[in-house]
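**Q** One predicted model, sequence on top.
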Amino acid sequence: MPPWCCVKWRFTALKGKNWAQSTFANQSSTYDSLGQASNAIDGNHDGVYSKGSCSHTKAGDTNPWLQVNLLQTIAVSGVKVYNRQDCCYWRLHDLVVIVLRGPMDGNSCARQRTVNRNVCVLNCWAPIVGHIVQIVKTRLTGVHDVLTICEVEVYGWKIVTDPEYLKSRDNFAIGRDTSMSSASVGGKAWQAVDGILVNTWGSESCISSTLVDRHPWFKVSVGAMFIEAVFIVFRLDCCERYFNKLYVWVDKRILCGRQMEPYKRGAAVGYACPPNTEGSYVLIEKAPRPPYSEVLTLCEVEVYGCRKEDKNWALGSRVVIEDMDNHNGTSYDGHFVTDGDFSNGFKQSICPTFKASNYLLMTIDLRDVYVYVDKIVYIIAVGDGADAPKELFISLVNPTTHYTNDEACNPISRNNTVPGQYVTTTCTGSALDRLASRIVIKKAFKTNSMSICEVEVYGPLAFRV
């Protein structure tokens, strides 16, 4: 059966989180106010056009398309496209799904030629990494053959984080010492850390244990560091059934991830480690098993984190946002500020705007960690609805001594900042003046809105309690 056919038995192939809902969407043209592109990612499957939950391009558009910006990098495994139900279902034909890393860097994921009246499920022939998903209509039957979509759902796996984050982080595994329990002919342990992401055996950049190895494992030594995540590229040409019962360890004592079911061929998967994970090597192993049945086969292993002097202590910390205008003491969970996701496209659930009508305090609680704070970095959102803060105040709080320092890290900015900017504030004073386990950021004036996506805290570790 050709891969572009949309048939009911394939509907169950895509499960898990829908990465498209409530992100950003645009289209080649818009028919009227009811046919906005954002309707296709609102989470509403209603196929009646008059209810305002479908997108619709203009008649005469010779290259109709709909595009979804996922705001983060995803290994896309497939897409569901929901058709219009009140009429015109025959228009949903000859579609191509393209996954893009950038404006000119895209790959075809799946194709659909025949009409599907209800839901079309398009499985990618292999997972494709990107943050933009585009649905293009490649053939028109007439001037009124438009593109109407009542919901788009995108499925796959989240990569460790987006490219902006990875560019600021070194892959600590590349070129480091490696070992493995056994190696099949043509595979050597160092090939899994050679920096080559081509994931077929013929590339001579993949490794495999032998069939007689009953407990296969792979190890890469990275030296003493904080390990935030491990990234594994699996083979594209075979062996997807071998990916189950896989464990990713740091120093064989801290579990960063486990995989109990097979992935699709060619999957690129990130395993996030618990906060403040310290170690010197990463061990990837399969559960012991009977002989002659499975192997451990990988094409690349990457390790992300930092040396102790480069540690971002805010990552994974608890964040509370308090509305000081509300006499009831309303507080909000602000975990998005320290989740390590550097996607900076404005979105209320990722990079929210704190409205100008309120005084707000953002408290970053490092819990049991005390740091001599050297600098604080924050990232401003970009896009429609994002507001760059004009002036913020920072306080360093030491709960043990009940000392609050309002001067060490101020001012962040006496000038206007701009959307998308990375702002760094250097803290001054003696080590004791900068000793803190809580950082409080205050919006200076009620007339000053702000949109912050991420906050980082740097400095030497003082102690843990």
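**A** Received it, and whenever you're ready, just let me know what you need.

**Q** Can you list the low-confidence ranges for the stretch 51-200 of the chain?
**A** Filtered on pLDDT under 70, the stretch 51-200 of the chain yields the residue ranges 158-170.

**Q** let's go with 80 and repeat that
**A** In the predicted model, the stretch 51-200 of the chain carries pLDDT under 80 at residues 71-75, 101-105, 114-116, 125-127, 129, 157-170, 185-187, 196-199.

**Q** got the contact list for the nearest residue to D251 once chain neighbours are set aside?
**A** Leaving aside its sequence neighbours, D251 sits nearest to G279 (C-beta to C-beta, 6 or more residues apart in numbering; 4.0 Å). In short, each C-beta sits where N, CA and C put it, glycine included. For G279, the contact set (C-beta atoms under 8 Å, 6 or more residues apart in numbering) comprises V222, A224, M225, I227, V250, D251, R253, I254.

**Q** go with 6 Å
**A** Residues near G279 by C-beta atoms under 6 Å, 6 or more residues apart in numbering: I227, V250, D251.

**Q** Restricted to strands, list the residues you listed.
**A** Residues of those located in strands (DSSP state E): I227, V250.

**Q** Save the contacts of G279 as a markdown table, and put in distance to T200 and pLDDT too.
**A** Putting the contacts of G279 into a markdown table (distance: C-beta to C-beta, whole Å; pLDDT from 0 to 100) gives the following:
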| residue | distance to T200 | pLDDT |
| --- | --- | --- |
| I227 | 28 | 89 |
| V250 | 29 | 96 |
| D251 | 32 | 95 |
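
**Q** Beyond the one helix or strand Q72 maps to, next helix or strand please.
**A** Remark: Q72 resides in strand 65-82, with elements defined by DSSP states H and E. Per DSSP H and E, the first helix or strand lying C-terminal to strand 65-82 is strand 95-102.

**Q** if we can go back for a sec, just the buried subset of the contacts of G279, please.
**A** The neighbour-count criterion (16 or more other C-beta atoms under 10 Å) marks I227, V250 among the contacts of G279 as buried.

**Q** ok, so of the contacts of G279, who is nearest E407?
**A** Nearest to E407 among the contacts of G279 is I227, at 35.1 Å by C-beta to C-beta.

**Q** Leaving out chain neighbours, which residue sits closest to the closest one?
**A** Distances taken as C-beta to C-beta, 6+ apart place G305 nearest to I227, at 4.3 Å, with adjacent residues excluded.

**Q** Q67 too?
**A** With sequence-adjacent residues excluded and distances taken as C-beta to C-beta, 6+ apart, Q67 is closest to Q134, at 4.5 Å.

**Q** Equivalent analysis for T200, please.
**A** D237 (4.4 Å).

**Q** was I right about the one you found contacting N199?
**A** No. The pair D237 / N199 is not scored as a contact, 7.9 Å apart, by C-beta atoms under 6 Å.

**Q** quick one: which of these two has more around it?
**A** Neighbour comparison, D237 and N199: the larger count goes to N199, with 21 against 14 (by other C-beta atoms under 10 Å).

**Q** contacting residues for the more buried one?
**A** With C-beta under 6 Å, 6+ apart, N199 has these contacts: V233, R235, L236, G266, C299.

**Q** Run through the bridge partners of the first one.
**A** Counting by DSSP bridges, V233 forms beta bridges with A268, E300.

**Q** And it, how far from Q191?
**A** Counting by C-beta to C-beta, to the nearest Å, the gap from V233 to Q191 is 12 Å.

**Q** Compare the two and say which is more crowded by neighbours.
**A** V233 (23 against 19).

**Q** and the more buried one, what does it touch?
**A** Contacts of V233 (C-beta under 6 Å, 6+ apart): L197, N199, A268, C299, E300.

**Q** now do 10 Å
**A** Neighbouring residues of V233 by C-beta atoms under 10 Å, 6 or more residues apart in numbering: 75, 129, 192, 196-199, 205-206, 266-269, 298-302.

**Q** S29 too?
**A** The neighbours of S29, taking C-beta under 10 Å, 6+ apart as the test, are 35, 37, 56-65, 146-147.

**Q** mind redoing it with 8 Å?
**A** With contacts defined as C-beta under 8 Å, 6+ apart, S29 is in contact with T57, K58, D61, P64.

**Q** Keep only those of those residues that are in strands.
**A** Going by DSSP E, the strands hold none of these.

**Q** Verify the stated contact: L66 with L147.
**A** Yes. Here L66 reaches L147: they are 6.4 Å apart, a contact under C-beta atoms under 8 Å.
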